[in-house]
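Student: Take this sequence and fold it.
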Amino acid sequence: MLSERRVAIIGAGVIGASIADALASRGVRVTLFDMRAPGAGASQASAGVLAPFIEAKPGSPLLALGARSLLMWDDFMAGVRDRAPGHEVEYVRTGTLEVALSDEEHAHLTTAAAWLASEGVTHDWLEGPALVARAPMVTSAARGALHLPDHRIVNVGALVRALVQAARLSGAVCVTPTEIVHVEQVRHGVEVRIGDQRHTFDHVVIAAGSWTRRVRVAGVPVFPVRPIRGQLLHVRWPDGARPAHSIWGTRCYTVPWADGSLLVGATVEDVGFDERATVAGVRELMDAVVGLLPSAADASLEAVRVGLRPATADHLPLLGPLSSHPGVILAAGHYRNGILLAPLTADIVSKLVLTNERDAALDLVSPERFYGYT
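Tutor: Numbers count the residues shown, from 1 in each chain. Okay, the predicted model is just below:
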């Protein structure tokens, strides 16, 4: 009986919460653990842009995963709203506008446009008066821009809260703050240690983001996930035309929200587990956004958000079971694409738990592709 199956999920960010909701809604007894409050890690600093055709290279495995997951988002959000009534989550198909400010960037985007056309992906190329009409706040130095109307944005904080509530209403239990650092396959399931207590589950899903390397699985090397700091600015737009799209340059991107605010992101800093906001990071983003949207110079700075993105060497997630511990499933290392890949990750993991169905994507993202590292 599914109701007798017990699953522990280590990590209550967007990945862990999505998996918890997917499993609990199907009758699995889920316990969600996190060392902080749900969504308090990288998820709280995410800009929430769902833009696979910008984030990944044409023809890459990451693009294949991202494009597939993007198609799942409408149904994913409909399910969350049904299971968490009263939790409003802003989810909008605003599209993205990627701007070229140099000859090199112009050549890159025209090549990208040709590839998108060959793949049948809806897009528009804008330059001159057409670009000014679409986005008058973009710098007059822009050489052109690639518009992708199917890209979207989602309010990640609200989404995580809704996912956790949906899982709870389906019977899941959320235990925080609790850190689990030892996991081991035993005869009758998978054992986790919480302080001096031991608990056994049928499956354990490790979705601890940058802290995944601190979860030790008996006899398995440390998981190769490292933290990459990202700082984002939360600004209030001045009077006048506010961007209607998520606008991207090579140095920053911006995300508009219905309340009139704008997120500006994001730095990429390999500084270990340092979660401080820095003057250098804020200055880098301020200079970049003013270069892209000159009127941003008059915006007011409301907050600086900081998160540690969980990165792997190839920027693909660690996703799937361990051969030596078949009850242990990894769902970590999503780097900059954890929000985008949440529906696909939850679908893949829930099928593994419920029916042992192996998605073809698991061949690309197996955690054991990195075995042999030290």
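Student: which residues does the residue nearest to Arg152 when sequence neighbours are not counted contact?
Tutor: Nearest residue to Arg152, sequence neighbours excluded (Cβ to Cβ, 6 or more residues apart in numbering): Leu50, at 4.4 Å. Heads up, the C-betas are built off the backbone N, CA and C, glycines and all. Residues near Leu50 by Cβ atoms under 8 Å, 6 or more residues apart in numbering: 70, 73, 151-154, 339-340.
Student: which of those residues has the most neighbours?
Tutor: The residue in those with the most neighbours, by other Cβ atoms under 10 Å, is Leu340 (29 neighbours).
Student: and it, which of the three is it?
Tutor: helix (DSSP: H, G, I helix; E, B strand; the rest coil).
Student: from memory it sits against Glu55, does it?
Tutor: Yes. Using Cβ atoms under 8 Å, Leu340 is in contact with Glu55, at 7.3 Å.
Student: shared neighbours of those two, which are they?
Tutor: Common neighbours of Leu340 and Glu55 (Cβ under 8 Å, 6+ apart) are Gly66.
Student: Give me the subset of the contacts of Leu50 lying in strands.
Tutor: Taking DSSP state E, the ones among those that sit in strands are 152-154.
Student: which of the contacts of Leu50 lies closest to Glu119?
Tutor: Within these, distances to Glu119 taken as Cβ to Cβ reach their minimum at Leu70, with 13.4 Å.
Student: isn't the closest one right up against Leu148?
Tutor: No. Between Leu70 and Leu148 there is no contact under Cβ under 8 Å: 10.6 Å.
Student: Can you give me every residue that contacts Leu340?
Tutor: Leu340 neighbours (Cβ under 8 Å, 6+ apart): 49-52, 55, 66, 69-70.
Student: Redo those as a markdown table? Include distance to Arg236 and pLDDT.
Tutor: Output for the contacts of Leu340, formatted as a markdown table (distance: Cβ to Cβ, whole Å; pLDDT from 0 to 100):
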| residue | distance to Arg236 | pLDDT |
| --- | --- | --- |
| Val49 | 19 | 95 |
| Leu50 | 24 | 97 |
| Ala51 | 23 | 96 |
| Pro52 | 29 | 97 |
| Glu55 | 27 | 90 |
| Gly66 | 31 | 97 |
| Ser69 | 31 | 98 |
| Leu70 | 29 | 98 |
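Student: Between which two of the residues you listed is the distance greatest?
Tutor: Top of the distance list for these (Cβ to Cβ): Val49 and Ser69, 13.2 Å.
Student: Give me the more crowded residue out of those two.
Tutor: Val49 (27 against 24).
Student: which ones are touching the more buried one?
Tutor: Val49 neighbours (Cβ under 8 Å, 6+ apart): 96, 151-153, 246, 253, 255, 339-340.
Student: In the record's domain split, what are the boundaries for the chain?
Tutor: Per automatic domain parsing, the domain ranges recorded for the chain read 2-84+156-225+313-370, 94-152+226-311.
Student: Among these, show me which one is buried the most.
Tutor: domain 2-84+156-225+313-370 (a mean of 21; mean count of other Cβ atoms under 10 Å).
Student: Check which helix or strand Gln231 maps to.
Tutor: strand 226-236 (DSSP states H and E).
Student: Which elements pack onto that strand?
Tutor: Here strand 226-236 touches strand 261-265, helix 279-292, strand 300-311, going by 3 or more Cβ pairs under 8 Å, 6 or more residues apart in numbering; DSSP states H and E.
Student: got those as CSV, with distance to Ser25 and mean pLDDT columns?
Tutor: Converted to CSV, the helices and strands packed on strand 226-236 look like this (distance: least, Cβ to Cβ, whole Å; pLDDT from 0 to 100):
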stretch, distance to Ser25, mean pLDDT
strand 261-265, 30, 93
helix 279-292, 38, 97
strand 300-311, 25, 95
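Student: Distance to Thr122 added to these, as JSON lines?
Tutor: What follows is those, written out as JSON lines (distance: least, Cβ to Cβ, whole Å):
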{"stretch": "strand 261-265", "distance to Thr122": "25"}
{"stretch": "helix 279-292", "distance to Thr122": "24"}
{"stretch": "strand 300-311", "distance to Thr122": "29"}
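Student: mind checking which of those is nearest Ala141?
Tutor: Among those, helix 279-292 comes nearest to Ala141, with 8.3 Å by Cβ to Cβ.
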